[in-house]
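J.: Task: produce atomic coordinates for the following.
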Amino acid sequence: MQPDVTFVIAAYNAEDTIRRAIESALAQRGVSVEVIVADDRSSDSTAAIAGSFPDERVRVVTLDRNSGPGGARNAALTIAKGRWIAVLDSDDTVFPGRIARMITRAENAGAIAAVDNIKVIKEREARGETMFRLDRLAKIHEITLADFIASNLVFKTTFNFGYMKPIFVRRFIETHGLRYEENLRIGEDYIFLASILAKGGKCVVEPSVGYAYHVRPGSISRVLESHHITSMLEADKTFLEKFELDTDARAAQVRRTRSLEQAKSFLSLVNHIKRRSIGGIIEVVMKDPVALRHLSMPIGVRLRRLIPSALYKEPRPN
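T.: Below you'll find the model as predicted:
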């Protein structure tokens with residue numbers, strides 16, 4: 001019997017959290033579930049813990065080589081059987097009624113993808129806080145490609161759709177040959193959902209909280225660096241070569257590209273300031289004067305803002 005949903009969990013050295021993630025997926029109510037853990041060549045007991053579940057609904061696939069989150073998810077997608085796919089990070093959890101609510105909303109609207117609200121839970125906090133205001137999210141019935149791109153502008157947006165974890169119809173991505181970009185170690189979620197939308201996939205919004213984003217001390221262990229921005233710009237370039245965007249989406253992409261370029265200039269400026277390189281500072285400012293404007297806000301604040309704006313949740317080193 002085909003499961004209603006396959007949870008895809010890419011895992012690398014996640015022995016402290018993988019059990020919690022799997023248990024939350026198995027606890028879904030009102031739907032049949034399959035869980036696939038793609039172990040990305042962990043050096044700890046992640047694969048052993050995942051493989052210890054006696055429940056036959058849990059399967060573990062171990063990659064031949066470390067491939068990053070995109071490669072791990074693709075390995076799981078290859079053997080997934082569910083009508084719907086739900087991506088779950090190995091250190092996060094989902095609430096019991098999440099998938100049933102999202103599938104119902106999507107099917108009632110004739111959509112092939114759905115997103116919902118998120119609870120941000122810090123370690124040793126029981127309740128956490130909701131990422132998006134319920135009243136505002138309830139007014140957004142559908143996310144278009146232009147909406148999605150426009151919400152992912154560095155320094156510009158606080159209502160960032162990129163944090164949302166979508167579910168999507170497996171047949172749709174199979175029909176259109178969609179897979180995660182394996183060369184990306186950051187921003188692969190953004191490109192994947194953007195690709196679904198660019199292929200004409202309809203994505204609806206379930207305003208209730210269904211996904212728990214767990215934040216642990218030290219989980220973001222390095223600040224976003226210039227080469228991450230470079231990778232994102234390259235990924236966007238490839239995306240634009242693959243898909244033809246409508247007028248609104250193209251306009252949003254122009255703004256996103258400029259915001260990434262400004263972020264890259266700002267990071268370069270900060271590095272030159274730290275090194276007290278006067279020549280480097282002058283060069284950056286001459287090329288991109290806007291980078292200097294960002295210094296009106298304390299550097300630490302800007303750097304922290306870069307992380308959510310760029311959808312950066314620190315993956316354990318791959």
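J.: Regarding the chain, what is its longest helix?
T.: Using DSSP state H to assign secondary structure, the helix with the most residues in the chain is helix 247-275.
J.: Show me what it is packed up against.
T.: Counting contacts by 3 or more Cβ pairs under 8 Å, 6 or more residues apart in numbering; DSSP states H and E, the secondary-structure elements packed against helix 247-275 are helix 145-150, helix 226-242, helix 278-287, helix 290-293, helix 299-309. Placement of C-beta: from N, CA and C, glycine included.
J.: Give me the residues contacting the longest one.
T.: Read it as helix 226-242. 181, 183-188, 191, 194-195, 198, 253, 256-257, 260-261, 263-264, 267-268, 271, 310, 312 (Cβ atoms under 8 Å, 6 or more residues apart in numbering).
J.: Could you check how far the nearest residue to residue 210 once chain neighbours are set aside is from residue 7?
T.: Take residue 210 and drop its neighbours on the chain: the residue closest to it by Cβ to Cβ, 6 or more residues apart in numbering is residue 98, 3.2 Å away. Applying Cβ to Cβ, to the nearest Å, the value for residue 98 to residue 7 is 11 Å.
J.: hmm, back to that, can you turn the buried subset of the contacts of helix 226-242 into a selection I can paste into PyMOL?
T.: This is how PyMOL selects the buried members of the contacts of helix 226-242, with burial counted by 16 or more other Cβ atoms under 10 Å:
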select buried, resi 181+184+185+186+187+188+191+194+195+198+253+256+257+260+261+263+264+267+268+310+312
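J.: What residues sit buried inside stretch 30-50?
T.: By neighbour count, and taking 16+ other Cβ under 10 Å as the criterion, the buried residues in stretch 30-50 are 31, 33-42, 46-47, 49-50.
J.: so what strands line up beside the longest strand along the chain?
T.: In the chain, assigned by DSSP state E, the strand with the most residues is strand 203-215. The strands that strand 203-215 pairs with in its sheet are strand 93-94 (antiparallel), strand 113-122 (parallel), strand 142-143 (antiparallel) (by DSSP bridges).
J.: average pLDDT for that strand?
T.: Per-region confidence: strand 203-215 scores 95 on mean pLDDT.
J.: and the two most separated of the buried residues of stretch 30-50?
T.: Greatest spacing in these, by Cβ to Cβ: 31 and 41 (31.0 Å).
J.: Mind listing what's buried along stretch 7-17?
T.: Neighbour-count burial for stretch 7-17, counted by 16+ other Cβ under 10 Å, picks out 7-15, 17.
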